[in-house]
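Undergrad: build me a structure from this.
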Amino acid sequence: MKDNRVIYKGRLISLAARIVRLPNKFIAHIEVITHPGAALVVPFLSRDKIILLRQLRPVIRAYLYELPAGTLKKDETVLSCGRREIVEETGYRAKKFTRLGYIYPVPGYSTEKIVIFKAEGLSKENAQLDKDEIIESLIVTRKQLKAMFAKGKIVDAKTICALTLCGWL
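TA: You can find the predicted model right below:
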């Protein structure tokens with residue numbers, strides 16, 4: 001049983017209404033946001049220092065503390081996306097990337113999959129922010145980051161997952 005009606009198709013995502021038969025034979029009406037996927041990078045300057053971003057998120061009208069991340073472009077690999085995003089958002093290039101894992105941030109209604117990398121061997125370059133990005137880079141120690149998290153200052157789910165995967169939370 002397949003009914004897939006596209007309700008909206010945008011530049012980045014699409015929204016479809018689907019009718020699916022579940023394994024228990026129940027017919028479910030679901031809404032699905034199709035997303036191309038993303039990469040997130042934990043940029044390590046040293047064993048005890050990472051680069052964290054303070055980024056404006058207009059959708060929620062707030063600044064969030066986050067790690068560099070971005071959506072895959074057409075035909076782009078997740079590693080290429082991670083390499084691009086770290087330079088664009090932090091102004092650093094990394095020599096070594098280690099894949100830590102992946103998450104599905106909202107699997108109840110979205111196909112988005114975020115692959116998480118640890119980046120090491122950083123060298124300074126110029127940040128290349130997109131015109132719609134308001135980002136400030138911060139260098140934080142593990143102790144500072146844990147204090148921020150304990151005070152409820154880090155609330156971005158993908159960042160919390162990535163920090164957990166790399167052993168910082």
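
Undergrad: for the rest of this, base every contact and every neighbour count on C-alpha atoms.
TA: OK.

Undergrad: distance check, residue 4 against residue 18.
TA: 5 Å (CA to CA, to the nearest Å).

Undergrad: repeat for residue 49
TA: Computed with CA to CA, the distance linking residue 49 and residue 18 is 45 Å.

Undergrad: and what of residue 104?
TA: Residue 104 sits 20 Å away from residue 18, going by CA to CA.

Undergrad: okay, buried residues for the helix ranked longest in the chain please.
TA: Longest helix in the chain, counting residues (DSSP state H): helix 78-90. Judged by neighbour count (16 or more other CA atoms under 10 Å), helix 78-90 contains these buried residues: 78-79, 81-90.

Undergrad: take those residues and lay them out in a markdown table including distance to residue 129 and pLDDT.
TA: Listed next are the buried residues of helix 78-90 as a markdown table, based on distance: CA to CA, whole Å; pLDDT from 0 to 100:
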| residue | distance to residue 129 | pLDDT |
| --- | --- | --- |
| 78 | 19 | 98 |
| 79 | 19 | 98 |
| 81 | 14 | 98 |
| 82 | 14 | 98 |
| 83 | 14 | 98 |
| 84 | 11 | 97 |
| 85 | 9 | 96 |
| 86 | 10 | 97 |
| 87 | 9 | 96 |
| 88 | 5 | 95 |
| 89 | 6 | 95 |
| 90 | 9 | 96 |
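
Undergrad: and those residues, which two are furthest apart?
TA: By the measure CA to CA, 78 and 90 form the most distant pair in the buried residues of helix 78-90, at 17.7 Å.

Undergrad: run through who's touching the helix or strand of the chain with the lowest mean pLDDT.
TA: Comparing every helix and strand of the chain by mean pLDDT, DSSP states H and E singles out strand 3-9 as the least confident one, with a mean of 89. By CA atoms under 8 Å, 6 or more residues apart in numbering, the residues outside strand 3-9 that reach it are 14-20.

Undergrad: from the residues you listed, list just the buried residues.
TA: Going by neighbour count (16+ other CA under 10 Å), the contacts of strand 3-9 have 14-18, 20 buried.

Undergrad: who does residue 135 bridge with?
TA: The partner list for residue 135 in beta bridges (DSSP bridges) reads residue 55.
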